[in-house]
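Chemist: Here you go, sequence then predicted model.
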Amino acid sequence: MSHLYDLTNKVAVVTGGGKGLGKTLAEYLLNQGMKVAICGRTQKHIDETVAEFSQTHPGNIIGRVCDVSQAAQVEAFIDAVIGEFGPVQVLINNSGFGKETLVWETAEQDWDEVMNTNVKGTYLMCKSVVPHMIESREGYIINIASQAALNGYANAGVYCASKFAMVGLGKALQEEVRQYGIHVHSLNPALIQSQKQPQDAVDNGLIQNEDLASMVLYLLQQPRRLKIDNIGMWGF
């Protein structure tokens, strides 16, 4: 358990992997020699990302439309990944969004959509991959949470609730899977300049996608004997 984790040919799943942060995460993992499966709700984004990265990493990336809040879609996606690449060693729960509303003005449908994606989606993905990780006695689960998992923000009640729940779920899961050599982490970034276009200037007050991707690699490349607590990140 003390050796560094060799990422070469390991299988990673990145939810929300068709654009923004998820796309950057997929690219960084591919550059480490990993096989990467991405999913998201928009076919166009998935197809474009797979086509782009297939040029530099042929045979090492696949993608599929999947609503992470739907159990049948999650199961079908993970089955497809295992069929193509084999068991999943790294799961990055990146899918998520919020609603800018006051708590008492939040529509029930909006509440359900945010909680189902951010919390239920994380649960369903873990439910599908953890048994395989237990069988092989290895694995990493990294939840992309938020500073909203640690602090309350006005006009973001449902988002805060979902991210608090995401971190709590991860902490509980870590205690359940520790004995099998599985690591569970949550990253808690502040605001991210996630959808920056190539022509856009870098805002040094905001976290960049590359910053989070580098932190994910840092976690994956530490000696497996280490338990690293959840990590907060802010623009400088």
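Modeler: That came through fine.

Chemist: Let me see the residues that make contact with the helix ranked longest in the chain.
Modeler: Longest helix of the chain, by residue count under DSSP state H: helix 157-177. For helix 157-177, contacts defined as CB atoms under 8 Å, 6 or more residues apart in numbering pick out 93, 96-99, 101-103, 106, 110-111, 114-115, 117-119, 122-123, 126, 130, 133-134, 139, 141, 143, 145-146, 148-153, 183-186, 188, 227, 230. All C-beta spots, glycine's among them, are computed from the backbone N, C-alpha and C.

Chemist: On the C-terminal side of that helix, identify the next helix or strand.
Modeler: strand 182-189 (DSSP states H and E).

Chemist: hang on, the earlier thing: please work out the average pLDDT along the longest helix of the chain.
Modeler: Throughout helix 157-177, pLDDT has a mean value of 97.

Chemist: Just the ones of the contacts of helix 157-177 in strands?
Modeler: 93, 139, 141, 143, 183, 184, 185, 186, 188 (DSSP state E).

Chemist: Farthest pair within those residues?
Modeler: For the ones in strands among the contacts of helix 157-177, the farthest-apart pair by CB to CB is 139 and 188; their separation is 21.0 Å.

Chemist: Return the member of the ones in strands among the contacts of helix 157-177 nearest to residue 79.
Modeler: Proximity to residue 79 was ranked across the ones in strands among the contacts of helix 157-177 by CB to CB; first place goes to residue 139, at 17.4 Å.

Chemist: Excluding sequence neighbours, find me the nearest residue to the closest one.
Modeler: Leaving aside its sequence neighbours, residue 139 sits nearest to residue 133 (CB to CB, 6 or more residues apart in numbering; 3.2 Å).

Chemist: Please enumerate the helices of the chain.
Modeler: Using DSSP H, helices in the chain cover 20-31, 43-54, 71-85, 108-115, 121-136, 157-177, 209-220.

Chemist: Nearest to residue 9, out of those helices?
Modeler: Between residue 9 and the helices of the chain, the tightest spacing by CB to CB is seen for helix 71-85, at 9.0 Å.

Chemist: Tabulate the helices of the chain (JSON lines), appending distance to residue 65 and mean neighbour count.
Modeler: Below are the helices of the chain laid out as JSON lines (distance: least, CB to CB, whole Å; neighbours: other CB atoms under 10 Å):
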{"stretch": "helix 20-31", "distance to residue 65": "14", "mean neighbour count": "23"}
{"stretch": "helix 43-54", "distance to residue 65": "5", "mean neighbour count": "16"}
{"stretch": "helix 71-85", "distance to residue 65": "8", "mean neighbour count": "17"}
{"stretch": "helix 108-115", "distance to residue 65": "17", "mean neighbour count": "15"}
{"stretch": "helix 121-136", "distance to residue 65": "14", "mean neighbour count": "19"}
{"stretch": "helix 157-177", "distance to residue 65": "22", "mean neighbour count": "19"}
{"stretch": "helix 209-220", "distance to residue 65": "22", "mean neighbour count": "18"}
